[in-house]
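[1] Can you look at this prediction? I've put the sequence above it.
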Amino acid sequence: MAVAAATELRRIAGVRMNSAVRLPVVFPPWYVHRMGLGLELVGANATWVFEHDRIEINYSSGLGHPRLLRKLRHRTIPYQAISRATAAGGDGNPQLVLHLRVGADPLTEVAAGQLSDDTEPHRIELAENQHELAGYYADHVNDHCALNPDSAAPAPRFLVEVDRSQRRLKGYDGEAFFDGSAVEFQWHPDASSAKHRAPRRQHPVAELAGVEWAKPGLASGHLLLVPHGERADAPPEDNARALMFGFGYGGTAASLPFAAAVLAAIQAARPEALDPGNADGRPALPAAPQPPRESREDILATIRELGELHQAGILNSAEFEQKKRELLDRI
């Protein structure tokens, strides 16, 4: 019976590989729903770890993968930041895609739909025989979204963290420096005379309303700091608040995280970020609910269920021992 069950589970799809028998390992519905155990979904471009209140995304680091994802390395996506999930792929490899709420992620806001599919940070590509698995996980994420009555509404504040540490960005006509509180430009000799004549080169985030990022191309793209109030901007090549890209400068892997860090700092510097509500009068989104405390009996029952998977060959010894130790530590 155990062997038959294991065979059926393997037929559906694989989540991890059993190093001993080299067969794809999958988990039945009662086990996959225990997302607090840190189950991994391994794809070609990333590994997603499902926790009780978030999805941890670790991007593949091989040279064949997009530089942006290798630069990001890791992202934490709270379920509160997700509007929905979809499974796609058609006749090709299946994909699981997270669609984030408007205003939940500074990186997504700055990108503004300009990224190609292969650089999309919230997409995981699975093996060609894992269509059912992609659909199953999409359903699971959507079940979480259904618990949030505001999942279809814009987020009142950023819910996805980005790195706001000091950074430097090289552009075509100058360089930008960000220290967490202000952006400073240093212009190259061949920058426009309008930029060299500009009286200010440092722009505190408290004086900014936003950031505009135009994807770098062969001879195009820019980073533009948007001030409060009306805009009467000169074109980017003559705008003292804009850094030009192109000709190998300002690549997406460097410029997009830079712009996202500045945008996150702008929001954090707003007075409403310290108040219970925001500028639109909407209350701040409550903190993620804590999972119910598991009883000793629940934990022991889970360990017995893991033991059955181990005996059936679905979990190898190392995986079983690791999860058992994690569960015993909760008692």
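    Nice, thanks for sending it over.
[2] In space, what's closest to Asp238 - neighbours in sequence excluded?
    Ala194 (4.1 Å; CB to CB, 6 or more residues apart in numbering). For the C-beta atoms, the positions are set from N, CA and C on the backbone; glycine is no exception.
[3] do you know how far the one you found is from Glu207?
    20 Å (CB to CB, to the nearest Å).
[4] hang on, the earlier thing: which strands and helices sit next to the one helix or strand the residue nearest to Asp238 maps to?
    Assessed by DSSP states H and E, Ala194 sits inside helix 193-197. Secondary-structure packing of helix 193-197 (3 or more CB pairs under 8 Å, 6 or more residues apart in numbering; DSSP states H and E): strand 182-187.
[5] and the strand it packs on, which residues are buried?
    Neighbour-count burial for strand 182-187, counted by 16 or more other CB atoms under 10 Å, picks out 182-183, 185, 187.
[6] closest to Leu306 among the residues you listed?
    Ranked by distance to Leu306 (CB to CB), the buried residues of strand 182-187 are led by Val183 at 50.7 Å.
[7] And the pLDDT at that closest one?
    Looking at Val183, its pLDDT reads 97.
[8] Assign the spatially closest residue to it that is not a sequence neighbour to helix, strand or coil.
    Once flanking residues are discounted, Val183 sits nearest to His203: 5.0 Å by CB to CB, 6+ apart. Here His203 is recorded as strand under DSSP: H, G, I helix; E, B strand; the rest coil.
[9] can you pull the contacts of His203?
    Shown in contact with His203 (CB atoms under 8 Å, 6 or more residues apart in numbering): 182-185, 225, 227, 241.
[10] Tell me which stretches of the stretch 101-250 of the chain form helices.
    With DSSP state H, counting those that start in this stretch applied, the stretch 101-250 of the chain shows helices at 106-111, 131-146, 193-197, listed in chain order.
[11] what's the shortest one in contact with?
    Pointing back at helix 193-197 there. Residues outside helix 193-197 that contact it (CB under 8 Å, 6+ apart): 173-174, 185, 187, 234, 238-240.
[12] Surely Ser255 is in contact with Phe245?
    Yes: the pair Ser255 / Phe245 is scored as a contact, 6.4 Å apart, by CB atoms under 8 Å.
[13] Show me whatever sits in contact with both of the two.
    171, 216, 221, 223.
[14] Counting neighbours, what do you get for the nearest residue to the last one once chain neighbours are set aside?
    Spelled out, that is Leu223. Excluding its sequence neighbours, the residue lying closest to Leu223 (CB to CB, 6+ apart) is Leu243, at 4.6 Å. Neighbourhood size, Leu243 [other CB atoms under 10 Å]: 30.
[15] Just to check, Leu243 is in contact with Phe177?
    No: using CB under 8 Å as the test, Leu243 is too far from Phe177 to be in contact (10.6 Å).
[16] Between the two, which contacts overlap?
    Joint contacts of Leu243 and Phe177 (CB under 8 Å, 6+ apart) are 169, 185.
[17] where in the stretch 101-250 of the chain is pLDDT low?
    230, 232 (pLDDT under 70).
[18] repeat that for 50
    The stretch 101-250 of the chain contains no residues with pLDDT under 50.
[19] So which residues of it form strands?
    123-125, 167-170, 174-178, 182-187, 202-204, 208-214, 222-227, 242-244 (DSSP state E, counting those that start in this stretch).
[20] sorry, back to before: just among the contacts of helix 193-197, which is most surrounded?
    Phe185 (24 neighbours).
[21] Can you tell me which residue is spatially central in this protein?
    Central residue of the chain (CA atoms, centre = their mean): Arg75, 4.4 Å from the mean position.
[22] For it, give me its contacts.
    Counted by CB under 8 Å, 6+ apart, Arg75 has contacts 56-57, 59, 121, 160.
[23] got it, and Gln114?
    Gln114 neighbours (CB under 8 Å, 6+ apart): 213-215.
[24] Taking the contacts of Arg75 together, which two end up most distant?
    Comparing every pair within those by CB to CB identifies Tyr59 and Val160 as the most remote, at 14.7 Å.
[25] who's more crowded, those two?
    Shown here are Tyr59 and Val160; by other CB under 10 Å, Val160 has more neighbours (25 against 20).
[26] Compute the number of surrounding residues for the spatially closest residue to that one that is not a sequence neighbour.
    Leaving aside its sequence neighbours, Val160 sits nearest to Asp105 (CB to CB, 6+ apart; 4.0 Å). By the criterion of other CB under 10 Å, Asp105 has 27 neighbours.
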